[in-house]
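> can't give you the sequence, but here's the structure:
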């Protein structure tokens, strides 16, 4: 009885240590690799959204194969092509993680020689292919071919040149993808929404953090944050059914659904975000600031607006940035309340079409692999990059400034 | 102390005069109006939707299928579809989110760049527009994973490479991940350091401490996170627009590879693409009411649990 105990003790101490270290090690590694997944997701989102828009960047060659396959009307060959594309995501993945555009540069460079070869060896095939595409407009076709003999850029270049036009006509014989029209529409809605949401939310935040008693604070905060729980489809529905009629009765404009209605509805979505973050920023201002100001004889309102608010400016700036991000990418409200017509005018009471709404409404109608499909994904990557940058600015620039400020520069 | 305070404050307050008092009340009043306006808008939305939807809102409406080309009948399949969506979503997102939160609070060192990158990605995930998740679901889950699975297992026959519940749920899981992580992290932070230290001092390893001490204490946080995520997932429409939501289905989904109807999507299509928008107005309002009741009540529960956690922490 006595003999095994001490032996066991000496052995167990060592073996235990080692065993537990292994399981500890495994646990830590597994947990941190799960945590790594969230970083991976960001990259995956960018890669896969951008990947679908890649055909737009392969000037010449790829567009040509697309035309050939669509004219051949053979789904299988097309499917095979895409699967080979999809089997090797690592090629995109690895360089994209370094966030360097060279990877795309090299791929297009690789493609270019092929393009030139084709152009040199057999220019006739190109002509016949396009003739097959739209045989109705034969006279136009000849001119078009003449123009393109030197360029050989049917798909991608043409799409790119339409990006800067002002017309968004994705489905027609001569599709035009005027991103400018969509950009103006998105900006219009964003400006209207921020003009309403910004002041309202910031004033409310000032009241909550500077003037309200603790008891009121505890009531006000959850109620306004409750607004964040309203699904955007509900806000869009409300704007479409109730707000649109209400404001039409007041202003008497023609189109019931327009940029203004969309802006008002999106303001409702942006208010809780701006409010919460600026309230946090205002509350984070050290109490010594307030006390010093009050001790110098300033009133409460003076303290709030000339001491606390300036001190919290970076935080409020961040709040506004994130508000812009929310409005910029908001889909359902834009779909339901803005009228969805890509008109180009400065009038806030005209219908507009935003980037996000365009993706939302047209994606279901596009065919996989079409230019239209790629353009929508391209818009998606633009939106993603934009929101990424907004968040990065809000995060690093603003936080750095805040920390500097409160630590006495 | 009190005496000196009154002596210091009072003379300054008196010198400020009456003219400034009016200004003062005006400024405070404006901010107060902003608060009241926001709260008023909130209750107006709530009130109008309840008022317009109350006639149609009944047990029968909730438990029956839509009929006559969706101009009559209920929303049963949409409700069930939403439930399946949020359940599958939670199964995917909750473990993932909890483990990430445990990493951030327990394992990550203060100056670790990796942890900072994880935090940054989570915040980015939270601000990425929801439509982007929809595009990602289409590009990654359906076109890449789904089609890949089809070519690998089904010999190219289209089965997983099309919109269905699974892909929609996974897409939604990515969207709601930050919500869960933030809630769990907050709950983990409220667990006193002494508890962890006591456990470690008794000879427990780090993993044992997490398993037996930290994790049980974070259950309420996981619950809050899950409820908030469900509330968010039930209301979002943009991510499922092209990853699985269906316009109309005569039957309930039977497997994960089926499409589904969804409350939010139902509201959207009924109000924008219905054959007779005017006629189906009561149905639209009642559906919106159901959706709103679902999301708001879930949110309320989460807020109550969360405030309880916070009180406990104090």
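In hand now; what should we look at? Every value quoted in this text rests on a predicted model; they were computed, and no experiment measured them. Numbers count the residues shown, from 1 in each chain, chains lettered A, B, ... in the order given.
> Which residues of the stretch 251-400 of chain A lie near chain B?
Applying Cβ under 8 Å from any Cβ of the partner chain, we find that the stretch 251-400 of chain A lies next to chain B at A:268, A:271, A:275, A:294-297, A:299-302, A:304-305, A:322, A:325-326, A:328-332, A:335-336, A:356, A:359-360, A:363-364, A:368, A:376-377, A:380, A:383-384, A:387-388, A:390-392, A:395. In short, each C-beta sits where N, CA and C put it, glycine included.
> Just the ones of the residues you listed in helices?
Taking DSSP state H as the definition of helices, these contribute A:268, A:271, A:275, A:294-295, A:300-302, A:322, A:325-326, A:328-329, A:332, A:335-336, A:356, A:359-360, A:376-377, A:380, A:383-384, A:387-388, A:390-392.
> Derive a ChimeraX selection command for the buried subset of those.
Per 16 or more other Cβ atoms under 10 Å in any protein chain shown, the buried members of those correspond to this ChimeraX selection:
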select /A:268,271,275,294,301,302,322,325,326,328,329,332,335,336,356,359,360,376,377,380,383,384,387,388,390,391
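> tell me the contacts of the closest residue to chain B within the stretch 301-409 of chain A?
Closest residue of the stretch 301-409 of chain A to chain B, Cβ to the nearest Cβ: residue A:329 (2.3 Å). Contact analysis of residue A:329 by Cβ atoms under 8 Å, 6 or more residues apart in numbering or on different chains lists A:355-356, A:383, A:386-387, B:128-132.
> again with residue B:246
Contact analysis of residue B:246 by Cβ under 8 Å, 6+ apart lists B:259-261.
> what's the spacing between it and residue B:226?
26 Å (Cβ to Cβ, to the nearest Å).
> Ok, residue B:184 next?
Counting by Cβ to Cβ, the gap from residue B:184 to residue B:226 is 9 Å.
> more neighbours, the two?
Under the neighbour definition other Cβ atoms under 10 Å in any protein chain shown, residue B:184 and residue B:226 were set side by side, and residue B:184 has more, 28 against 24.
> quick one: what helix or strand has the more buried one in it?
Using DSSP states H and E, residue B:184 sits in helix B:165-190.
> so where's the stretch 151-300 of chain B uncertain?
For the stretch 151-300 of chain B, the stretches with pLDDT under 70 are B:156.
> Around the residue nearest to residue A:170 when sequence neighbours are not counted, count how many other residues there are.
Nearest non-adjacent residue to residue A:170, counting by Cβ to Cβ, 6 or more residues apart in numbering or on different chains: residue A:372, 4.8 Å away. Residues lying near residue A:372 (other Cβ under 10 Å) number 18.
> Buried ones from the contacts of residue B:246, can you make that a PyMOL selection?
In PyMOL, a selection of the buried entries from the contacts of residue B:246 looks like this (16+ other Cβ under 10 Å):
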select buried, chain B and resi 259+260+261
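> can I get the contacts of residue B:246 in JSON lines with distance to residue A:188?
Converted to JSON lines, the contacts of residue B:246 look like this (distance: Cβ to Cβ, whole Å):
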{"residue": "B:259", "distance to residue A:188": "35"}
{"residue": "B:260", "distance to residue A:188": "35"}
{"residue": "B:261", "distance to residue A:188": "34"}
